[in-house]
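>>> The sequence isn't on hand, but the structure is:
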């Protein structure tokens, strides 16, 4: 069964507006609150994850097509690799040169 194509991309516009809302929320939290630096970073990171998910589903059409399962596996694998690379880099920069002979 084929989907009927609409002329106006309402889903894309709503996704764009929600992305803007998340961006301005993060900026407002960073600039206008007296929360600790660590708390602000956690909030901004959480909003970034939400926005990445929103963009994957609204603009990259991850939930469309016949092979959605492998698309999500590839995305999760990419996230895993990014976490390993960043965490490994931080680990090496923090503890890599601390031993002496």
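Noted; the coordinates are in hand. The structure displayed is predicted, hence computed values, not measured ones.
>>> Skipping its backbone neighbours, what lies nearest residue 55 in space?
Of all residues not flanking residue 55 in the chain, residue 19 sits nearest, at 6.5 Å (C-beta to C-beta, 6 or more residues apart in numbering). C-betas here are computed from N, CA, C, even on glycine.
>>> tell me which element that neighbour is part of?
helix 10-32 (DSSP states H and E).
>>> pLDDT of that helix, averaged?
When pLDDT is averaged over helix 10-32, the result is 93.
>>> again, but for stretch 82-98
88.
>>> just stretch 42-58 next, same as before
In this model, stretch 42-58 carries a mean pLDDT of 91.
>>> Just the residues contacting the helix holding residue 19, thanks.
Residues outside helix 10-32 that contact it (C-beta atoms under 8 Å, 6 or more residues apart in numbering): 35, 40, 43-44, 47-48, 50-51, 54-55, 58-59.
>>> tell me which of these is nearest to residue 82?
Nearest to residue 82 among those is residue 48, at 12.4 Å by C-beta to C-beta.
>>> leaving aside the residues next to it on the chain, what's closest to the closest one?
Nearest one to residue 48, counting by C-beta to C-beta, 6+ apart, is residue 26 at 7.4 Å.
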